[in-house]
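[1] Pasting a predicted model and its sequence here:
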Amino acid sequence: MLEDIDAVIFDMDGTLIDSMWIWPDIDRVYLEKYHLTQPEDFHLAMEGMSYREVAQYFLDTFPTLARTREEVMDEWTQMAYERYMTQAPLKTGAYEFIQIMREMGKKIGIATSNGRRLVDDTLEALEITGLFDSVRTACEVASGKPAPDVYLLVARDIGVAPERCLVFEDVPMGILAGKNAGMRVCAVEDEFSRPQERKKRELADYYIQDYQDIINETYEVLK
């Protein structure tokens with residue numbers, strides 16, 4: 001898996017940290033607050049979108065929601081903040097794997113769809129901010145995942161060619177973003193995306209239950 005790789009780039013939510021469970025509850029509470037009904041396949045429609053794109057999707061989907069995009073984003077951040085600070089741990093084996101990558105001299109980045117404040121403060125709370133050579137959000141590029149923009153931005157930051165990068169992702173749209181960037185992709189097991197496991201396996205190059213699979217060399221090669 002790590003042959004011919006000079007960098008690893010992680011998605012954050014559901015990939016590096018166990019946090020995807022936070023959002024369905026926030027969406028439910030937020031919609032109830034404004035007396036809105038959640039459409040079918042609501043979360044699938046937003047998969048991969050940047051924080052800003054999701055806020056715009058809310059405004060487009062619920063035209064009676066009298067909020068600006070920035071107000072929606074700020075409300076979500078306030079609702080999610082405490083849970084991210086106290087209830088969003090690193091995935092099993094993630095810290096050890098990152099340390100091994102550093103010892104091997106690999107560049108390490110994050111390419112996330114989340115908002116900048118939640119990303120920076122979560123990494124600070126986990127005391128891992130200094131482990132990364134680049135941390136970028138999809139709000140900093142033209143298009144969110146599955147467009148490759150945020151992964152290509154991280155690759156430029158760290159000075160590594162896309163074909164020398166290995167991406168870690170937990171959902172199909174994120175896997176596609178890595179593949180569209182010309183990178184190899186390892187799919188990461190996550191309870192939130194378990195119904196999409198077959199699709200993840202179709203798209204990715206590797207599959208892990210957690211990062212101990214890489215450390216123990218028990219990961220699955222898919223292609």
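    That came in fine, so what should we check first? Residues are numbered from 1 along each chain as shown.
[2] Against which helices or strands is the helix or strand of the chain with the lowest mean pLDDT packed?
    Of all helical and strand segments in the chain, the minimum by mean pLDDT, DSSP states H and E falls on helix 42-46, at a mean of 84. With contacts taken as 3 or more C-beta pairs under 8 Å, 6 or more residues apart in numbering; DSSP states H and E, helix 42-46 sits against helix 22-33, helix 51-61. Every residue, glycine included, has its C-beta placed from N, CA and C.
[3] Most tightly packed of the ones you listed?
    Comparing the helices and strands packed on helix 42-46 by mean neighbour count (mean count of other C-beta atoms under 10 Å), helix 51-61 comes out on top with a mean of 18.
[4] next helix or strand past that one?
    The element immediately downstream of helix 51-61 (helix or strand, assigned by DSSP states H and E) is helix 69-87.
[5] any idea how far Val72 is from the nearest residue to Tyr34 once chain neighbours are set aside?
    Residue nearest to Tyr34 in three dimensions, not counting chain neighbours: Leu65, with 5.8 Å by C-beta to C-beta, 6 or more residues apart in numbering. Distance of Leu65 to Val72, computed by C-beta to C-beta, to the nearest Å: 8 Å.
[6] Backbone dihedrals for the closest residue to Ala138 other than its chain neighbours, please?
    In space, and not counting its chain neighbours, Ala138 is closest to Ser50: 3.4 Å by C-beta to C-beta, 6+ apart. The phi/psi pair for Ser50 (degrees, to the nearest 10) reads phi -70, psi 160.
[7] check contacts around Glu53.
    Going by C-beta atoms under 8 Å, 6 or more residues apart in numbering, Glu53 touches Met46, Ala138, Ser143, Gly144.
[8] Can you flag which of those belong to helices?
    Counted as lying in helices by DSSP state H, out of the contacts of Glu53, are Met46.
[9] Pipe the contacts of Glu53 into CSV and attach neighbour count and distance to Gly130 per row.
    Listed next are the contacts of Glu53 as CSV, based on neighbours: other C-beta atoms under 10 Å; distance: C-beta to C-beta, whole Å:
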residue, neighbour count, distance to Gly130
Met46, 18, 31
Ala138, 27, 23
Ser143, 15, 29
Gly144, 24, 27
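[10] mind checking the SS state of Glu3?
    Under the three-state scheme (DSSP: H, G, I helix; E, B strand; the rest coil), Glu3 adopts coil.
[11] And it, how close does it get to Gln99?
    With distances taken as C-beta to C-beta, Glu3 is found 20 Å from Gln99.
[12] quick one, which of the two is more surrounded?
    Set Glu3 next to Gln99 and count neighbours by other C-beta atoms under 10 Å: Gln99 wins out with 11 against 4.
[13] Check which helix or strand the more buried one maps to.
    Here Gln99 sits within helix 94-103, counting by DSSP H and E.
[14] Could you break the chain into its assigned domains?
    Structural domains assigned to the chain are 7-19+89-221, 22-87, following automatic domain parsing.
[15] Return the most buried member of the ones you listed.
    domain 7-19+89-221 (a mean of 20).
[16] Only C-alpha atoms, please: export stretch 180-196 in PDB.
    Provided in PDB are the C-alpha atoms of stretch 180-196 (Å, rounded to 0.1, in the frame of the first residue of the first chain):
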ATOM      1  CA  ASN A 180     -10.500  12.200  -9.700                       C
ATOM      2  CA  ALA A 181      -7.400  13.800  -8.400                       C
ATOM      3  CA  GLY A 182      -5.300  10.900  -9.800                       C
ATOM      4  CA  MET A 183      -4.600   9.500  -6.300                       C
ATOM      5  CA  ARG A 184      -4.800   6.100  -4.800                       C
ATOM      6  CA  VAL A 185      -7.600   5.800  -2.300                       C
ATOM      7  CA  CYS A 186      -8.100   3.600   0.800                       C
ATOM      8  CA  ALA A 187     -11.700   3.300   2.000                       C
ATOM      9  CA  VAL A 188     -12.200   3.400   5.800                       C
ATOM     10  CA  GLU A 189     -15.000   1.500   7.500                       C
ATOM     11  CA  ASP A 190     -17.400   3.800   9.300                       C
ATOM     12  CA  GLU A 191     -20.800   3.000  10.800                       C
ATOM     13  CA  PHE A 192     -22.500   6.000   9.200                       C
ATOM     14  CA  SER A 193     -21.500   4.800   5.600                       C
ATOM     15  CA  ARG A 194     -22.000   1.100   6.200                       C
ATOM     16  CA  PRO A 195     -25.000   0.900   3.800                       C
ATOM     17  CA  GLN A 196     -22.600   2.200   1.100                       C
END
